[in-house]
Every structure is written in structure tokens, then in C-alpha cells.
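Q: I'd like to go over a predicted model; first the sequence, then the structure.
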Amino acid sequence: MGEPVTLAAALNQALHDAMDDDPKVLVMGEDVGRLGGVFRVTEGLHAKHTDARVIDTPLSESGIVGAAIGLAMRGYRPVCEIQFDGFVFPAFDQITTQLAKMHARSDGATRLPVTIRIPYGGGIGAVEHHSESPEAYFAHTAGLRIVTCSHARDGYQMLRQAITCDDPVIFLEPKRRYWDKAELGDVGEGLFQSRVVRAGGDVTVVCYGPMVRTCLEVAGLAHEEDGLSLEVIDLRSLSPLDLGPVFDSVARTGRAIVVHEAPVFGGLGAEIATRISEKCFFSLEAPVLRVGAPHAPYPPSKLEHHYLPDVDRILDAVDTVRGM
């Protein structure tokens, strides 16, 4: 297994290995070259591969994605970095009207193997435009694959898998977990498969990205303090959704909570809760609850702990769903 590494280091290693394995893999974005990225995820790539394959772009997200689309059409596999989540919106038109639709528009003749890396979510003391959770925007768009890792082992394997995927992949990286460590090793799941990360029999907790660690903390406290057994499921893929393990879990527990950092209103939790209700209606002992952020702009950094879901709020939801 080796020594534990941070998520940022695991992603960096994945990029190094992908570029070594395939000369058609390019990395492009703002400050990804000589600086090595704001979070140092692209560190060392430019020294090895030079300007030919590690491209410091102008401050134009639309230009980054537009250039990547053209490169992909010519046989390359571009990996784009959007420096912060809130900066992706200037590229929204390119992503949703060009990148997502080219395969269908060409009747399957054109594939666009573009990976767009986006550090997302809060918890680092930043402010709006640096702490967004835009996953629902992209999951709503057919033609895009949306995935998110939660730790270093998944980060390495999932980024390698995303780069080899022939479809465009939005690869969401939970920035507050960049410094969490885990051992690298084999991951049994495919890129678009969910995983049970803690088995339990009382309540099913569905989460992804930065909330996986938080939900595992909740499961530990619930067991220590109340003797409850929570089953925690890491979705990993947001489009497509792999809800088979979720349905199997809810059939046993009869209760479910969906947790994400993004606002509850119009969030992915609504889609997941609805599918659970449709599929597991006769197994449910209580309504499916959602825990997320309020429907409000991201607050100043000193207030973000009130905005983001935390252990106490999730434990409150566990108590509520158990009392129904």
C-alpha cells in the first residue's frame, strides 16, 4: 500500500501517470504550468512535459473549454482545470451547449474525451466564487458525466478512469479534503459506481464528496452515544447515479437521509430522495430527509460554519427520522 498521501498529491500522481501513459493527454488551465496550480495539483508537470503539453492559459474559462473541445476533436485528451468552482460559469455555455451535445449532434461520430477538473465546495475560509457547489447545474445536462471523489485512493483511481473515458467528465474535487491523507491502492468500483463505506442497519445516509468524511464522523458518534448503526453510502458518481446499493440499504433500514453541501432547494438530494421514495415506498418507515445548505448566497468566511452541513445538523436529522 505504501505511505498515506494527501488527496492533492494523489491527483497529482494520477496526472503524472496519465501523461506518461498517453502522449495525447494534455493539461491546460490558469496557472497550471510553472506555478503548479493554486492547490499544487499540477506541480511538476510542466517541468517534465513543457509548454507543449502543460498549457498556462489566459484568464478565460470559456476559452479553456472551447480550446479543449477542438483538441478533443483532433484526437487529444485534454484535462482542463477550472481554478475555483465559482469561475466555471463563464464556460457554462461551452460545456452545456457544445461539450455535452457534440456526440448526439454528430449521431455518435464524434467523441469528446475532455476531463474538466473543478475544486468545489466550502470549508477553507474563502468566500463566494471560491466556495460554490455547482454539481446540480451540470447533472441536469444530458451528455455529461459528473463524478466526485472523497479521499486520496478514490481521487487517484477515479481521475485515471475519467481521463480514459471517451465521454466528457466533470471531475469535482472537494477542496477542503485536499490535505486529508489515505493510502493509495486498488479500487474495485468502476468510475460510475457508488460504494457502501460503512455498513449499518438503522438509517441509510447517502452522501458524496466533502460530506463523506463528515457522515462517517456522524456514524461513529451515533454508534458511541446512542448505539445506532448508520449505513453510509458514497455515491461517487452524480450522473449517472448508481442507486442500486442505496435501494438495497433502504429496504433494510426503512429510513434514509441525503446529505450534500449544495443548497437543498433544487439540489441533487431532491432527485435522490424522489427515486428512493418511488423505488422503496413500501419499505420506508419515514419520509426521506435532506440535509444541505440554505437557499442563500454563500456567506462571508466567518459565517460559513452556519451555512455548511455539519455533524450536529446531520445528527438532528438522524434523530428526526428515527422519531417518525
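A: That came in fine, so what should we check first? As the structure is a computational prediction, the values presented were derived from the model and not from experiment.
Q: I'd like to know how far Arg252 sits from Ala109.
A: 45 Å (CB to CB, to the nearest Å). Where you see a C-beta, it was placed from the backbone N, CA and C, and this is true even at glycine.
Q: my guess is Ser196 contacts Val232, does it?
A: Quick fix: residue 196 is Val, not Ser. Yes. Val196 is in contact with Val232 according to CB atoms under 8 Å; the separation is 7.4 Å.
Q: So those two - more neighbours on which side?
A: The neighbour comparison of Val196 against Val232 (other CB atoms under 10 Å) goes to Val232, with 26 against 15.
Q: Can you tell me the SS state at that one?
A: Three-state call for Val232 (DSSP: H, G, I helix; E, B strand; the rest coil): strand.
Q: same deal with Asp248?
A: helix.
Q: Can you get me a residue count around it?
A: 15.
Q: Just the pLDDT at it, thanks.
A: Looking at Asp248, its pLDDT stands at 98.
Q: what's the answer for the one 3 residues further on, then?
A: Looking at Ala251, its pLDDT reads 98.
Q: go on, the one 5 residues further on?
A: Among the per-residue scores, Ala256 shows a pLDDT of 98.
Q: re earlier: quick one, which of Arg252 and Ala109 is more surrounded?
A: Arg252 (13 against 8).
Q: Which stretches in the stretch 151-300 of the chain count as strands?
A: 169-174, 181-182, 195-198, 203-207, 230-234, 237-239, 256-263, 289-293 (DSSP state E, counting those that start in this stretch).
Q: With distance to Cys280 added, can I get those strands in JSON lines?
A: Output for the strands of the stretch 151-300 of the chain, formatted as JSON lines (distance: least, CB to CB, whole Å):
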{"stretch": "strand 169-174", "distance to Cys280": "27"}
{"stretch": "strand 181-182", "distance to Cys280": "31"}
{"stretch": "strand 195-198", "distance to Cys280": "16"}
{"stretch": "strand 203-207", "distance to Cys280": "9"}
{"stretch": "strand 230-234", "distance to Cys280": "13"}
{"stretch": "strand 237-239", "distance to Cys280": "20"}
{"stretch": "strand 256-263", "distance to Cys280": "8"}
{"stretch": "strand 289-293", "distance to Cys280": "14"}
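Q: tell me the contacts of the closest residue to Val288 other than its chain neighbours?
A: Among residues not flanking Val288 along the chain, Ala273 sits closest, at 4.0 Å (CB to CB, 6 or more residues apart in numbering). Contacts for Ala273 (CB atoms under 8 Å, 6 or more residues apart in numbering) come out as Ala256, Val258, Val288, Leu289, Arg290.
Q: TSV for those, including distance to Gln98 and neighbour count?
A: TSV is the format used below for these (distance: CB to CB, whole Å; neighbours: other CB atoms under 10 Å):
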residue	distance to Gln98	neighbour count
Ala256	37	29
Val258	31	28
Val288	36	22
Leu289	38	21
Arg290	33	21
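Q: between the residues you listed, which is nearest Ala152?
A: Val258 (24.7 Å; CB to CB).
Q: Contacts only, for the closest residue to Val232 other than its chain neighbours.
A: Distances taken as CB to CB, 6+ apart put Arg198 closest to Val232, at 4.2 Å, once the chain neighbours are dropped. Neighbour list for Arg198: Leu216, Ala219, Leu230, Glu231, Val232 [criterion: CB under 8 Å, 6+ apart].
Q: Pull the most distant pair out of those residues.
A: Longest span within the contacts of Arg198, CB to CB: Leu216 and Glu231, 11.2 Å.
Q: what about these two, which has more around it?
A: It is Glu231, of Leu216 and Glu231, that has more neighbours when counted by other CB under 10 Å, with 24 against 18.
Q: thinking again about what came up before, the strands of the stretch 151-300 of the chain: lowest mean pLDDT?
A: Note on the strands of the stretch 151-300 of the chain: lowest mean pLDDT is at strand 181-182, with a mean of 94.
Q: winner for burial among the strands of the stretch 151-300 of the chain?
A: strand 203-207 (a mean of 29; mean count of other CB atoms under 10 Å).
Q: which strands and helices sit next to that strand?
A: Strand 203-207 is packed against helix 211-226, strand 230-234, helix 244-253, strand 256-263, helix 311-323, with contacts defined by 3 or more CB pairs under 8 Å, 6 or more residues apart in numbering; DSSP states H and E.
Q: mind listing what that strand pairs with, with the direction of each?
A: Using DSSP bridges, strand 203-207 pairs in its sheet with strand 230-234 (parallel), strand 256-263 (parallel).
Q: Thr110 contacts Ala104, correct?
A: No. Applying CB under 8 Å as the test, Thr110 and Ala104 come out as separate, 9.6 Å apart.
Q: Distance of the nearest residue to Arg34 once chain neighbours are set aside relative to Ser60?
A: Among residues not flanking Arg34 along the chain, His46 sits closest, at 5.7 Å (CB to CB, 6+ apart). Distance, His46 to Ser60, by CB to CB: 19 Å.
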